[in-house]
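Peer 1: My questions are about this predicted structure, shown below with the sequence.
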Amino acid sequence: MFLAKVSKIVHSTAKHEAYSGKPVFIVQPIDPNGEPKGDEWVAVDYVGSGIGDIVVCGGAPGVAKDVFGLDLAPIRTLIMAIVDHIDYRDID
Amino acid sequence: MIFAKVIGNVVSTQKDENLNGMKLLLCKEVDCKGKPLNTYHVAVDAVQAGEGDLVLLSYGSSARMTDLTKNAPVDAVVMAIVDDIMLTESRLVPKKKQS
Amino acid sequence: MKLGKVIGRVWADRKVKQLHSCRLHIIQPMTSNLRKKGKPLVVADPQNIAGSNDIVVYVTSTDATQAFDSGFAPVNASVVELVDSIY
């Protein structure tokens, strides 16, 4: 799992049926200080997040099957939690 | 999936019994334009490919998802013989209009 | 999942039976600003939704096999969504 910031929303009409009715966002992974880190991902929202939110993304392969109760779910990246607060101390 | 060129056969008699009846091919990876890369793969042949063919390789756990390689200890499979590749060398960002 | 642009097509007559009636595309991974990122890759399109120069969402690794009705196909990447707009 990784921390990310929701940056954009993806609109589409032709899609796999597992995606219908679920918001799809572009998320930018960030480090705990909020700095962007690495490549963007496309993620399916599971918790009702919006643009600008800091979220927890990820998921093991095939986990979307259990989460959404689908037989076939070609979903790799899920938005699983909206972050309220991060408390951490970096080690040097 | 990746493109590869079949450059030879691998023959083995002592192997896991789940691999019996499978042909092993030695493949060299190529890029989308057919340029050889310096990576070699040994792959199970699911489509009767032969030496010199340009093929598509599937790798990792997906390689076990053919009828032939089900439950076999396989991590690369030749799943298609490529007839043709069309590559539109279009600009990903539209060119600015010249004034 | 990642964003990509369809930049080519692969024709293959002989392929494993799960991939019959399934198009194969070459995709250039992109950022959301529609800039190139990384190397092109081959993806399967089980629902035949993508065409030339379309922006699509594709899924990689084990989940790519789930895009097929049978859930059983030897693919490493599949198209799952045709993007209309991003903002």
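Peer 2: Structure's in. What do you need? Numbering: from 1, shown residues only, chains lettered A, B, ... in the order given.
Peer 1: Contact partners for residue C:73?
Peer 2: Contacts for residue C:73 were tallied using Cβ atoms under 8 Å, 6 or more residues apart in numbering or on different chains; they are B:62, B:65, C:16, C:18, C:19, C:22, C:44, C:46, C:65. (C-beta placed from N, C-alpha, C; glycine too.)
Peer 1: In chain C, where's the longest strand?
Peer 2: Using DSSP state E to define each element, chain C has its longest strand at strand C:2-15.
Peer 1: roughly how far is the helix or strand following it from the heart of the chain?
Peer 2: Using DSSP states H and E, the helix or strand that follows strand C:2-15 towards the C-terminus is strand C:23-30. Centroid separation for strand C:23-30 versus its chain: 5 Å, with Cα atoms, centre = their mean, to the nearest Å.
Peer 1: got it, and stretch B:44-63?
Peer 2: Its chain's C-alpha centre and that of stretch B:44-63 lie 4 Å apart, by Cα atoms, centre = their mean.
Peer 1: Could you do stretch A:18-28 as well?
Peer 2: 8 Å.
Peer 1: if we can go back for a sec, next, the angle strand C:23-30 makes with the longest strand of chain C.
Peer 2: 150 degrees (axes from the mean of the first three to the mean of the last three Cα atoms, to 10 degrees).
Peer 1: mind listing what strand C:2-15 pairs with, with the direction of each?
Peer 2: strand B:76-87 (antiparallel), strand C:23-30 (antiparallel), strand C:55-60 (antiparallel) (DSSP bridges).
Peer 1: Pick the most buried one from these.
Peer 2: Of all the strands paired with strand C:2-15, strand C:55-60 has the most neighbours on average by mean count of other Cβ atoms under 10 Å in any protein chain shown, namely a mean of 25.
Peer 1: What lies in contact with it?
Peer 2: A:10, A:12, A:15, A:24, A:42, A:74-76, C:1-6, C:27, C:30, C:34, C:43, C:49-50, C:64, C:66-67, C:76-83, C:86.
Peer 1: now with 7 Å?
Peer 2: Strand C:55-60 is contacted from outside by A:10, A:42, A:74-76, C:1-6, C:27, C:43, C:50, C:67, C:76-83, using Cβ atoms under 7 Å, 6 or more residues apart in numbering or on different chains.
Peer 1: Which helix or strand lies directly C-terminal to it?
Peer 2: Remark: after strand C:55-60, the chain's next helix or strand is strand C:77-86, criterion DSSP H and E.
Peer 1: distance between that following strand and the chain's centre?
Peer 2: From the chain centre to the centre of strand C:77-86 is a distance of 8 Å (Cα atoms, centre = their mean).
Peer 1: okay, which residue is most central for chain B?
Peer 2: The centroid of chain B falls nearest to residue B:57 when counting by Cα atoms, centre = their mean (2.1 Å).
Peer 1: Dump the strands paired with strand C:2-15 to JSON lines, plus mean pLDDT.
Peer 2: Listed next are these as JSON lines, based on pLDDT from 0 to 100:
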{"stretch": "strand B:76-87", "mean pLDDT": "91"}
{"stretch": "strand C:23-30", "mean pLDDT": "94"}
{"stretch": "strand C:55-60", "mean pLDDT": "94"}
